[in-house]
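> Sharing a model that was predicted from the sequence below.
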Amino acid sequence: MIYSGPSVSVELLDDGIAELKFDLQGESVNKFDRGTLEDFGKAVDAIKANQDVKGVIVTSGKSVFIVGADITEFTDMFKLPEEEIAQWCLSANKVFNAFEDLPVPTVCAVNGIALGGGLEMALSCDFRVLSTKAQVGLPEVKLGLFPGFGGTVRLPRLIGVDNAAEWIAAGGQHKAERALKDGVADAVVAPEQLKDAAIALVKECLEGKIDHLAKRQEKLEPLKLPPLENMMAFQTSGAMVAQQAGRNYPAPMAAINTMQQHAGMNRDQALEVEAKGFAKVAKTPQATALVGLFLADQAVKRANGAHIKKGAAEVKQAAVLGAGIMGGGIAYQSASKGTPIIMKDIADSALELGMKEASGLLERQLKRKRIDGAKMAKTLSSIRPTLNYGDFGNVDVVVEAVVENEKVKKAVLAETEAELKDGAVLASNTSTISINRLAEAVKKPENFAGMHFFNPVHMMPLVEIIRGEKTSDETVATLVKYAQDMGKNPVVVNDCPGFLVNRVLFPYFGGFGILLRDGADFQAVDKVMEKFGWPMGPAYLLDVVGIDTGVHAAAVMAEGFPERMQYGFKDATTVMYENERYGQKNDKGFYKYELDKRGRKQKVVDETTYELLAGHVGERKEFDEEEIIARLMIPMCTETVRCLEDNIVGSAAEADMAMIYGIGFPPFRGGPLRYIDSIGVKAFVELCDKYAHLGGIYEAPQMLRDMAAKDESFFG
Ligand code: NAD
């Protein structure tokens, strides 16, 4: 053994070939944390000092190669001044350079996932052999960053500007074949041949059959193309990236600009430019939010893991009551992820529609080659449509998704419970009815909870698991596990009107109503909120949700929180409702919906909306962007704080993730609570005070005032 550390070891194999192995002790994967970087540096020093080493292969002791940098270390590091972040990159790069400059040939054997820093490590080798199982990429842009361990320098010099721009700016994860095609890999072999292939390549270098120094030299020099061609390549890539990423995601464009800036430089100068650029993007609010999002996602997964540990039962057979929009979607999702499901309705025609919807979704997947015919047949056969309770005695979980009517739901729940075996879990997909009230209908409320899916079920990642006062930990555990098995991201919440997501969404719609009352143009509001980052503005969103659904849910919220959510005037949404403009479902709401040439529904401006609103809303008035954003976002953010204050949701991370997964809160803003952090809690409270005259939804909750007084934030 030439070197042995806590994450890297170097062993001399036969013929003077050393194996540098990444194997982070006490972890299931390799990552570049501070310790690993330090260890890597020592390993390189040990190789340099050993005269017997004639060549090096780099391997991993895990099933992955290296998953990337340790993102948990980013939060603190990114608080440092820009200059210090750049220095940190440069000191890390010294290690990669020292490795690249070893006087012997180096070959990386990439066995599995090599992302971010993992791939940058491989790029600092002379050659890369990939296993057919390898997955490689530079996904830093997804965190609002770009590669900072030499990726923007080495990749374009190895594979050209066009390819490098695509790999870096799109942040994709690629299979070995694609890496070979684009020149990131030099060879792809079967997993069992990987190490031998890497050794063979080192030997060919030693025998002079391959000129590894020439290959290495490409990475040390400026880009090869003449300046004009380079400029054209950067311009084309830049235009494409600007169009795709948009102004809310600056990292991809910053990566292209950085590559262009250092194109004419040698490696060491170029790395300085990269480090400066990296430090700059690391300080953007987008990077803070997206890194925070990654960590919040992990926190939610940990919280769910803790729930599951409290006694999740295995769901071998599920059932859904109702074959409508939601029931059909739930049946499809459960079956396609491997849990067979019985779909019960009271009407044959509904069952037929439910099955048609499922087969339609499967056919689309088949067309896109995501599944094959066998998978389609298997999925369809594991949805069993029925009009009676025949096999309900074998069912582990039942999700009720019948019409949104408390009386009907209570009757259906009581009737279903009588058919179930001991310990089976019963859940309701209600969007507005109290879980505690529905629980009154069942004999075993401990086995009952809410399981709130979002429409369309196959697309929307969130499922709210609603714990009633009497719901047992085991019931929550089983539903969390079942939701995960269905490929969803569950968030556990306590019962209250609107649960978490709708409770937070409806004050936002409330703010929208007040703004229109005061004279704003709904189209202008939509434009501002879409520019802010929402996938659709509030008027369009109400049309998609359904104006009737929106009006009904708003009434439930007003009853539940009259002090804040009874607004005391007829809002624009109610005017739409009274004129039977229900949104996309009948092709008329705030907007009109018409089919385009490809048969897809398109939103069209409808002047009659303004005629209908006249007399109900204030005289048209211009509002600046800042005010529109404040008037809509304050109610949403304050209500999220209240949910935390009232213990409806367990943590800030879960609250933020639920809003991102559930209603498409702009990810680069990190969620309502991180958005408050980005403004500053104190400044946000001042903003609330400025608008408090508009009503209770604008008042700062006590929790925020306390945090402001103590100078605290949600995410530290
Ligand atoms: P839907 O009207 O499309 O479907 C309801 C189905 O239930 C119909 O097929 C009906 O025949 C069936 N049904 C009625 N009584 C029944 C009974 N006794 N036994 C079995 N089936 C019965 O409604 P939907 O939009 O699918 O909504 C269902 C539930 O999901 C509601 O509680 C709703 O609030 C909730 N939800 C809906 C959405 C949405 O966007 N549509 C989103 C989240 C939650």
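Arrived safely.

> lowest average confidence, helix or strand, in this structure?
Least confident helix or strand, the chain: helix 227-245 with a mean of 77, by mean pLDDT, DSSP states H and E.

> who touches that helix?
For helix 227-245, the surrounding residues in contact (C-beta atoms under 8 Å, 6 or more residues apart in numbering) are 141, 160-162, 165-166, 169-170, 223, 225, 251-253, 256-257, 259-260, 263-264. All C-beta atoms are positioned from the backbone trio N, CA, C, and that covers glycine.

> mind redoing it with 10 Å?
Residues outside helix 227-245 that contact it (C-beta atoms under 10 Å, 6 or more residues apart in numbering): 141, 156, 160-166, 168-171, 222-226, 249, 251-257, 259-261, 263-264.

> Using CSV, write out every CA atom in stretch 8-25.
What follows is stretch 8-25, C-alpha atoms only, in CSV (Å, rounded to 0.1, in the frame of the first residue of the first chain):
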residue,chain,number,x,y,z
VAL,A,8,-8.7,7.3,-0.7
SER,A,9,-6.1,4.6,-0.9
VAL,A,10,-3.3,3.8,-3.3
GLU,A,11,-2.0,0.3,-3.9
LEU,A,12,0.8,-0.8,-6.2
LEU,A,13,-0.5,-3.6,-8.5
ASP,A,14,1.7,-5.5,-11.0
ASP,A,15,4.0,-3.9,-13.5
GLY,A,16,4.3,-0.6,-11.6
ILE,A,17,0.6,0.3,-12.1
ALA,A,18,-0.9,1.9,-9.0
GLU,A,19,-4.6,1.8,-8.2
LEU,A,20,-6.0,5.0,-6.6
LYS,A,21,-9.3,4.0,-5.1
PHE,A,22,-12.0,6.3,-3.8
ASP,A,23,-13.8,4.6,-0.9
LEU,A,24,-15.3,6.9,1.7
GLN,A,25,-15.4,5.1,5.0
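
> ok now that stretch, how far from the chain's centre?
In terms of C-alpha atoms, centre = their mean, to the nearest Å, the centre of stretch 8-25 is found 37 Å from the chain centre.

> average pLDDT for that stretch?
Throughout stretch 8-25, pLDDT has a mean value of 97.

> residue contacts, the closest residue to the ligand within the chain?
Minimum separation of the chain from the ligand (C-beta to the nearest ligand atom) falls at G324, amounting to 1.8 Å. G324 sits next to 330, 345, 347, 350, 353-354, 357, 401-403 when contact means C-beta under 10 Å, 6+ apart.

> now these: which count as buried?
Those of these that meet the buried threshold are 330, 345, 350, 353-354, 357, 401-402, by 16 or more other C-beta atoms under 10 Å.

> Could you name the helices and strands sitting against the helix or strand encompassing L213?
Assessed by DSSP states H and E, L213 sits inside helix 212-220. In terms of contacts (3 or more C-beta pairs under 10 Å, 6 or more residues apart in numbering; DSSP states H and E), helix 212-220 is packed against helix 82-100, strand 106-110, strand 127-131, helix 151-159, helix 194-206, helix 267-282.

> what about the helices in the stretch 451-600 of the chain?
473-485, 501-517, 522-532, 538-545, 547-560, 562-565, 572-578 (DSSP state H, counting those that start in this stretch).

> Just give me the longest helix of this protein.
As assigned by DSSP state H, the longest helix anywhere in the chain is helix 285-308.

> and the stretch 201-350 of the chain, which residues reach the ligand?
Within the stretch 201-350 of the chain, the positions adjacent to the ligand are 321-327, 344-347, 350 by C-beta under 6 Å from any ligand atom.

> do the chain as well
Going by C-beta under 6 Å from any ligand atom, the residues of the chain near the ligand are 321-327, 344-347, 350, 401-404, 408, 412, 429-431, 453-455.

> Put the buried members of these into a PyMOL selection.
Only the buried members of the residues of the chain next to the ligand enter the following PyMOL selection, criterion being 16+ other C-beta under 10 Å:
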select buried, resi 321+322+323+324+325+326+327+344+345+350+401+402+404+412+429+430+431+453+454
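
> Please state the offset of stretch 325-333 from the chain centre?
Its chain's average C-alpha position is 22 Å from that of stretch 325-333, according to C-alpha atoms, centre = their mean.

> What are the structural domain limits within this structure?
For the chain, automatic domain parsing gives the domain ranges 3-283, 313-488, 502-710.

> what would those look like in TSV with distance to A306?
Shown next, in TSV, are those (distance: least, C-beta to C-beta, whole Å):
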stretch	distance to A306
domain 3-283	18
domain 313-488	9
domain 502-710	10
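
> Out of those domains, flag the one nearest L290.
Nearest to L290 among the domains of the chain is domain 3-283; the distance by C-beta to C-beta comes to 4.0 Å.

> could you pull out the helices for the stretch 1-150 of the chain?
All helices of the stretch 1-150 of the chain, identified by DSSP H, counting those that start in this stretch, fall at 34-49, 74-77, 82-100, 117-123.

> Can I get those in TSV including mean neighbour count and mean pLDDT?
Formatted as TSV, those follow (neighbours: other C-beta atoms under 10 Å; pLDDT from 0 to 100):
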stretch	mean neighbour count	mean pLDDT
helix 34-49	19	97
helix 74-77	14	88
helix 82-100	18	97
helix 117-123	28	98
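
> Reformat the ones you listed into CSV and put distance to F22 next to each item.
Formatted as CSV, those follow (distance: least, C-beta to C-beta, whole Å):
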stretch, distance to F22
helix 34-49, 7
helix 74-77, 20
helix 82-100, 12
helix 117-123, 8
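
> Out of those, flag the one nearest C643.
With C-beta to C-beta, the closest approach to C643 among those belongs to helix 74-77: 23.9 Å.

> on that earlier part again, of the residues of the stretch 201-350 of the chain next to the ligand, which belong to helices?
325-327, 350.

> which pair in those residues spans the largest distance?
Taking C-beta to C-beta, no two of these sit farther apart than M326 and A350, at 11.9 Å.
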